[in-house]
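Trainee: Could you work out the structure for the sequence below:
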Amino acid sequence: MTQAITLKRGGSEFSTEADFVGRFVGKLSKGRTSFGKVQITTEWDHRAGFVDVLARHRRKTLVAFEAKLDNWKRAFYQAYRSTAYANKSYVIVPANVASRALRDRDEFELRGVGLCSFDGKVVQVLIEASEQDALLTWLRAQAHEHFDALADECAAGHGRSRRGTVQAMRV
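Mentor: Down below sits the predicted model:
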């Protein structure tokens, strides 16, 4: 008989980082966070790397999320990279990890990167991300094209047709 093991990283209980991201996406997709109703895609490949979660509001605002169970500094650098195309970019980590990251609040604010904590039930914005002008306008356009294609697939009745893609929500 095999038994599922829950890893405790940073004092939180998520089986893996993928579980953490999946539960966050589930909460985000229900529109029950301060981010409201959004379209969502995961592991979006933007040539310089992947973003864990990319969301788009109905007003065409792109919000990037980098999730980590413990290494918030790595998530911070990845989130900062996303400010080149996303309107806002956040690090999302378990609450106890967020309390460590808050010690570097000045760095988050200087770079315009936001910080969120997630305990599996509640997403809390601890530092609001700054609105960013796109440095890479072509990449911002490419992200919007990706969401537009998702919306077209959903309208045509297709489900999950791309790796890592969550069905776009009608907003």
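Trainee: Now do the same contact list for the residue nearest to the spatial centre of the chain.
Mentor: Nearest residue to the geometric centre of the chain (Cα atoms, centre = their mean): Phe65, 2.4 Å. The contact partners of Phe65, taken as Cβ atoms under 8 Å, 6 or more residues apart in numbering, are Phe24, Val51, Asp52, Val53, Leu54, Ala55, Ala79, Ser89, Tyr90, Val91, Ile92, Cys116. Heads up, the C-betas are built off the backbone N, CA and C, glycines and all.
Trainee: So for the helix or strand harbouring it, mean pLDDT?
Mentor: Secondary structure from DSSP states H and E places Phe65 in strand 62-67. Predicted confidence along strand 62-67 averages 96 (mean pLDDT).
Trainee: List the neighbouring strands of that strand plus their orientation.
Mentor: Each strand pairing with strand 62-67, determined using DSSP bridges, is listed with its direction: strand 50-56 (antiparallel), strand 88-93 (parallel).
Trainee: so which of those strands comes closest to Leu102?
Mentor: With respect to Leu102, and counting by Cβ to Cβ, the nearest of the strands paired with strand 62-67 is strand 88-93 at 10.5 Å.
Trainee: What's the first helix or strand after the strand holding Phe65?
Mentor: Toward the C-terminal end, the helix or strand that comes next after strand 62-67 (DSSP H and E) is helix 72-82.
Trainee: Now do the buried residues in that next one.
Mentor: Residues of helix 72-82 classed as buried by neighbour count (16 or more other Cβ atoms under 10 Å): Trp72, Ala75, Phe76, Gln78, Ala79, Tyr80, Arg81, Ser82.
Trainee: ranking the strands paired with strand 62-67 by mean pLDDT, which is last?
Mentor: Among these, strand 50-56 scores lowest, at a mean of 91.
Trainee: ok, and what's touching that one?
Mentor: Counting by Cβ under 8 Å, 6+ apart, strand 50-56 makes contact with 21, 24-25, 28, 35, 38-44, 62-67, 78, 82, 86, 92, 143-144, 147, all of which sit outside it.
Trainee: filter those residues to the buried ones?
Mentor: The neighbour-count test (16+ other Cβ under 10 Å) marks 21, 24-25, 28, 35, 38-42, 44, 62-67, 78, 82, 86, 92, 143, 147 as buried among those.
Trainee: Among the strands paired with strand 62-67, pick out the one with the most neighbours on average.
Mentor: Here the criterion is mean neighbour count by mean count of other Cβ atoms under 10 Å, and of those the winner is strand 88-93, at a mean of 28.
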